[in-house]
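K.L.:
need a structure here:
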Amino acid sequence: MKKLETWKRLILIAMSSICIGLQVGLYALFWYGYYSERMYLKFYFKGHLLMLFVYGVLLFFFSQMYGGMRIGYLRSGEVMFSQIFATVCVNAITYLQMCLMVRGFLDIRPLGFMTALEAALIALWTVGSSGIYRRIFSPRNLLLVHGDRPAADILHKFESRKDKYHVKKSVHAGIGLEAVCGEAESGYNAVVLWDLPAELRNKIYKFCFGKGIRVYVMPKIPDILIKGADQLHLFDTPILLTREYVLSIEQRMAKRTIDLVCGLALCILTSPIMLLTAAAIKLYDGGPILYRQIRCTKDMKEFYILKFRSMRPDAEKDGVARLASKHDNRITPIGRLIRMVRIDELPQLFNILKGEMTFIGPRPERPEVIEKYLEDMPEFLFRTKVKAGLSGYAQVYGKYNTTPYDKLKLDLFYIENYSIWLDIKLMLLTLKTVLRPESTEGIDSSQVTALKTPDTADLQERDE
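P.N.:
All right, here's what the predicted structure looks like:
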């Protein structure tokens, strides 16, 4: 198994290197053939190498950031989109770099043509690399061990990735520890532990770890809290410390500085878009331009969130809160467009400048929605330890219609592992997220929300 993983890693590194190498080579042709001749300074061999090196480093950084090299981990379509998006970002930075070098604007058409060629190259590379990966590495055969909660939900999720996983057998933990451990050794590539009591889960986990069996564990909230604990070495017994969550003064200053600088810059850059959007909304039906709604931020403090109105003025005339559903007829044609490209969220930049929100943090919820969530998930209050955000961990790694309990766990991952670098990373990843259709997808009729509350056992995993 270890040899297989080593070969897999080497093959992935080789395929990634080929893609970046081909793109750097294509950039070299356009640099030597067009752009280098238009620089004020004469470039020699080392100077040319430096330009190619910088391009390669940027390409590697953005490809890693957006998942463009994650063949076998992400779906082929997402790998292709991620790598093309990374390439567009790098080419935009490279164009600005060259413009600064000549102190003026260069003809962007050659760079645009180069980007189109790179996109075609990436498409071919993705299809070829994915085909090679699937031919060499077949999906993992999994044993699913579950508790009393129906396993249909997790089975459906694994079923959506047939290219990577195959749940060969599903067993209930009630068959006993000895039987489960015996089954785990019966030729599976990995074991999935789903909604098990903590004591039994730990015993199965330690058995698999001792036998070198790969284990996929769906974490419960206490697991996430412990993951963010500090390690102490006071004496010869390891200690993990979890404490009241609070940002240091340095972190608060840095976070607020980022909010102010980026907020002001984006307000200026997007002001033409906001003006055009405001005019389109007003001209369409004559209703109000902005939509104001009470939301909660840090420590349950209430504020009015601002959005461009995307629904009819009478969408909630009875005062009852309703989340948008797929093909919701309350959404106007203008609203559907601005929701698709997330323009409706732009007025929240003013919430950020006022200090009511931040760029990265859990999305703010309505007070009445929080109250309903708390009836089934008391832990939902944990996410109000930080200021609400324009984007967040749950928005980047989840979907609009991800279940509330899974969103809570994603938000807690962010809170318990906070750093300024994580904020910057999530801000960069948000640029990619806003272009994904599922990020603005409405709530399905079977979707679990606080406004449509099922039994507690169906809403969340138990943390016993």
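
K.L.:
contacts, neighbours, all on C-alpha from now
P.N.:
Fine.

K.L.:
I'd like to know which elements the lengthiest helix in the chain is packed against.
P.N.:
Looking across the chain with DSSP state H, the single longest helix is helix 249-285. If you count contacts as 3 or more Cα pairs under 8 Å, 6 or more residues apart in numbering; DSSP states H and E, helix 249-285 packs onto helix 333-340, helix 348-353, strand 358-360, helix 420-433.

K.L.:
any idea which element Ile132 lies in?
P.N.:
Using DSSP states H and E, Ile132 sits within helix 109-136.

K.L.:
could you do Leu193 as well?
P.N.:
Leu193 belongs to strand 190-194 when assigned by DSSP H and E.

K.L.:
outline the domain layout of the protein.
P.N.:
2-136, 140-218, 249-459 (automatic domain parsing).

K.L.:
for Ala229, which of those is the nearest?
P.N.:
domain 249-459 (7.7 Å; Cα to Cα).

K.L.:
make JSON lines out of the domains of the chain and add mean neighbour count.
P.N.:
JSON lines is the format used below for the domains of the chain (neighbours: other Cα atoms under 10 Å):
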{"stretch": "domain 2-136", "mean neighbour count": "16"}
{"stretch": "domain 140-218", "mean neighbour count": "16"}
{"stretch": "domain 249-459", "mean neighbour count": "17"}
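
K.L.:
so which of these is nearest Leu240?
P.N.:
domain 249-459 (13.3 Å).

K.L.:
quick one: average pLDDT of that closest one?
P.N.:
Averaged across domain 249-459, pLDDT comes to 85.

K.L.:
start and end of stretch 155-168, how far apart?
P.N.:
11 Å (Cα to Cα, to the nearest Å).

K.L.:
from the rest of the structure, what touches that stretch?
P.N.:
Residues outside stretch 155-168 that contact it (Cα atoms under 8 Å, 6 or more residues apart in numbering) are Gly72, Tyr73, Arg134, Ser138, Pro139, Arg140, Asn141, Leu142, Leu143, Leu144.

K.L.:
list the contacts of the most centrally placed residue in the chain.
P.N.:
With distances taken as Cα atoms, centre = their mean, Val396 lies nearest the centre of the chain, 2.2 Å away. Counting by Cα under 8 Å, 6+ apart, Val396 touches Leu426, Leu429, Thr430, Thr433.

K.L.:
just name the closest of these to Tyr35, please.
P.N.:
For those, the nearest to Tyr35 is Leu429 (29.9 Å; Cα to Cα).

K.L.:
my read is that that closest one contacts Tyr66, right?
P.N.:
Yes: Leu429 lies in contact with Tyr66 (Cα atoms under 8 Å); the separation is 6.5 Å.

K.L.:
could you report the separation of Val24 from Lys227?
P.N.:
39 Å.

K.L.:
hmm, I typed the wrong one, I wanted Asp328.
P.N.:
For Asp328, the distance to Lys227 - Cα to Cα - is 40 Å.

K.L.:
in the protein, which spans are strands?
P.N.:
140-146, 165-172, 190-194, 214-217, 230-232, 239-241, 290-296, 302-308, 358-360, 389-391 (DSSP state E).

K.L.:
including distance to Ala254, could these go into TSV?
P.N.:
Output for those, formatted as TSV (distance: least, Cα to Cα, whole Å):
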stretch	distance to Ala254
strand 140-146	44
strand 165-172	42
strand 190-194	39
strand 214-217	35
strand 230-232	22
strand 239-241	25
strand 290-296	23
strand 302-308	23
strand 358-360	12
strand 389-391	15
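
K.L.:
nearest to Ile352, out of the ones you listed?
P.N.:
strand 358-360 (5.2 Å).

K.L.:
quick one: list the elements packing against that closest one.
P.N.:
Secondary-structure packing of strand 358-360 (3+ Cα pairs under 8 Å, 6+ apart): helix 249-285, strand 389-391, helix 420-433.

K.L.:
can you redo these as TSV with distance to Leu12?
P.N.:
Formatted as TSV, those follow (distance: least, Cα to Cα, whole Å):
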stretch	distance to Leu12
helix 249-285	36
strand 389-391	31
helix 420-433	22
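
K.L.:
His48 is nearest to which of these?
P.N.:
Nearest of the helices and strands packed on strand 358-360 to His48, taken as Cα to Cα: helix 420-433 at 28.6 Å.

K.L.:
how distant is stretch 15-31 from the center of its chain?
P.N.:
On the basis of Cα atoms, centre = their mean, to the nearest Å, stretch 15-31 sits 27 Å off its chain's mean C-alpha point.

K.L.:
same question but for stretch 347-364, I mixed them up
P.N.:
Using Cα atoms, centre = their mean, the offset of stretch 347-364 from its chain centre is 18 Å.

K.L.:
next one: stretch 262-277
P.N.:
Put simply, stretch 262-277 sits 24 Å off its chain's centre (Cα atoms, centre = their mean).
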